[in-house]
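Asks: Need coordinates for the following:
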Amino acid sequence: MTPDPVPRDAEQDVISDFLDALWMERGLADNTLAAYGNDLRGFARWLSTRGGAGLLGADRGDVMGYLAACVSRGSSRRSSARLLSSLRRFYHYQLRQGMVEVDPTARVESPKADRPLPDALTEAEVERLLDAPDTDSLIGQRDRCMLEVLYATGLRVSELVGLRMDQINRQQGVVRVTGKGGKERLVPLGESALDALTDYLQTVRPRLSQRAADAAVFITRRGGGMTRQAFWYRIREHAREAGIVKPLSPHTLRHSFATHLLNHGADLRVVQLLLGHTDLSTTQVYTHVARARLQALHAEHHPRG
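Replies: This next block holds a predicted model:
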């Protein structure tokens, strides 16, 4: 049985009674109560434009329709999830009070939180970063090679520092990487990275340490393998020298690799294979980055952008 419509001028009383109960039961802060009130009044206004039965007469379709309308107006998934939480608490209360017989939010799934977009450097910033190491020194030549390989392959930093000599095939120009879950993938190096790697292995690595471990590709002065933490420190130092002020993470060049590939027309599934992602949805986040970059370029350079 559907309850009788609540007169529009009485809906504020329904909302106020609910907020008073929340304050009594939970002792919520004024700002939190105000947010609940705004959410409920917004829903009530939207219902009134549809000529429905009001807050106490809303059904699941109304809730779904309002959430969809909010998303179409630019509401984020986080905001939509918070809105649905407000509606749930309101209808749980009304159900306990006997004001409704069915909770219209009961079978409505909460939107998943927005996945944060990965940070990526511009192509110009990548060039500055690659040029930052002092190639007059052995350490600088090693760092330049590591950066070249990292950007050319999209490897995780842990995969890069863990590379062994038997994982590199310079004749075919590929590296064999063991990623998460023990899954192997072949990743092409590209001409610039292959040249840098060949020069490093032939002229730099033997001079860097006479006691170089046979397995590790990238080594320290003491001949041991590079650690993830040590190389991450080196990346930050080179970024500072290159004048890059945006926040960096150990995955920044990996994110840049994926974004720049998509910007230049690479297929999403190819990028998925190169990154070693099991699920395509993990790779799809980069399409948003690439699309935003293309829109910015269009706006900047098109005469009617």
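Asks: Helices along the stretch 101-250 of the chain, start to end?
Replies: 123-131, 138-153, 157-161, 191-199, 205-208, 228-241 (DSSP state H, counting those that start in this stretch).
Asks: Looking at the ones you listed, which is nearest to Leu33?
Replies: helix 228-241 (44.3 Å; Cβ to Cβ). For every residue, glycine as well, the C-beta is placed using N, CA and C.
Asks: List the contacts of the closest one.
Replies: 129, 132-133, 143, 146-147, 157-158, 160-161, 218, 220, 248, 250, 252-253 (Cβ atoms under 8 Å, 6 or more residues apart in numbering).
Asks: C-alpha coordinates for stretch 40-58, PDB please?
Replies: These are the backbone C-alpha positions of stretch 40-58, laid out as PDB (Å, rounded to 0.1, in the frame of the first residue of the first chain):
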ATOM      1  CA  LEU A  40      16.800  15.400   1.100                       C
ATOM      2  CA  ARG A  41      15.500  18.800   0.000                       C
ATOM      3  CA  GLY A  42      17.200  18.300  -3.400                       C
ATOM      4  CA  PHE A  43      15.500  15.000  -3.800                       C
ATOM      5  CA  ALA A  44      12.200  16.500  -2.700                       C
ATOM      6  CA  ARG A  45      12.500  19.300  -5.200                       C
ATOM      7  CA  TRP A  46      13.300  16.800  -8.000                       C
ATOM      8  CA  LEU A  47      10.300  14.700  -7.100                       C
ATOM      9  CA  SER A  48       8.000  17.700  -7.100                       C
ATOM     10  CA  THR A  49       9.000  18.400 -10.700                       C
ATOM     11  CA  ARG A  50       7.900  14.900 -11.700                       C
ATOM     12  CA  GLY A  51       4.500  15.200 -10.000                       C
ATOM     13  CA  GLY A  52       5.200  12.200  -7.800                       C
ATOM     14  CA  ALA A  53       4.000  11.400  -4.300                       C
ATOM     15  CA  GLY A  54       6.800  13.200  -2.500                       C
ATOM     16  CA  LEU A  55       9.500  11.800  -0.200                       C
ATOM     17  CA  LEU A  56       7.300   9.300   1.600                       C
ATOM     18  CA  GLY A  57       5.800   8.100  -1.700                       C
ATOM     19  CA  ALA A  58       9.100   7.600  -3.600                       C
END
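Asks: related to what we said a few turns ago, pick out the lowest-pLDDT one from the contacts of helix 228-241.
Replies: Of all those, Pro250 carries the smallest pLDDT score, 76.
Asks: my guess is that residue meets Val157, correct?
Replies: Yes. In this structure, Pro250 is within contact of Val157 by Cβ atoms under 8 Å, at 4.5 Å.
Asks: hmm, back to that, of the contacts of helix 228-241, just the buried ones, ChimeraX syntax please.
Replies: The command below creates a ChimeraX selection of those among the contacts of helix 228-241 that count as buried (16 or more other Cβ atoms under 10 Å):
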select :129,132,133,143,146,147,157,160,161,218,220,248,250,252,253
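Asks: If we only consider the contacts of helix 228-241, which is nearest to Ala53?
Replies: Within the contacts of helix 228-241, proximity to Ala53 (Cβ to Cβ) peaks at Thr252, which comes in at 52.9 Å.
Asks: so what's the closest one up against?
Replies: Applying Cβ under 8 Å, 6+ apart, the residues near Thr252 are Asp119, Ala120, Leu121, Ile235.
Asks: ok, now Gly225?
Replies: With Cβ under 8 Å, 6+ apart, Gly225 has these contacts: Val161, Gly162, Ala213, Ala215, Ala216, Phe218, Ile219.
Asks: at 7 Å instead, please
Replies: Val161, Ala213, Ala216, Phe218, Ile219 (Cβ atoms under 7 Å, 6 or more residues apart in numbering).
Asks: I'd like the distance between it and Thr178.
Replies: To Thr178, Gly225 is 15 Å away according to Cβ to Cβ, to the nearest Å.
Asks: and which of the contacts of helix 228-241 is nearest Leu262?
Replies: Lowest distance from Leu262 to the contacts of helix 228-241 (Cβ to Cβ) belongs to Leu253, with 15.2 Å.
Asks: and that closest one, what element?
Replies: helix 252-263 (DSSP states H and E).
Asks: Only the buried residues of that helix, if you could.
Replies: Buried residues in helix 252-263, counted by 16+ other Cβ under 10 Å: Thr252, Leu253, Arg254, His255, Ser256, Phe257, Ala258, Thr259, His260, Leu261, Leu262, Asn263.
Asks: What is the nearest of those to Glu125?
Replies: Closest approach to Glu125 among the buried residues of helix 252-263 (Cβ to Cβ): Ser256, at 8.1 Å.
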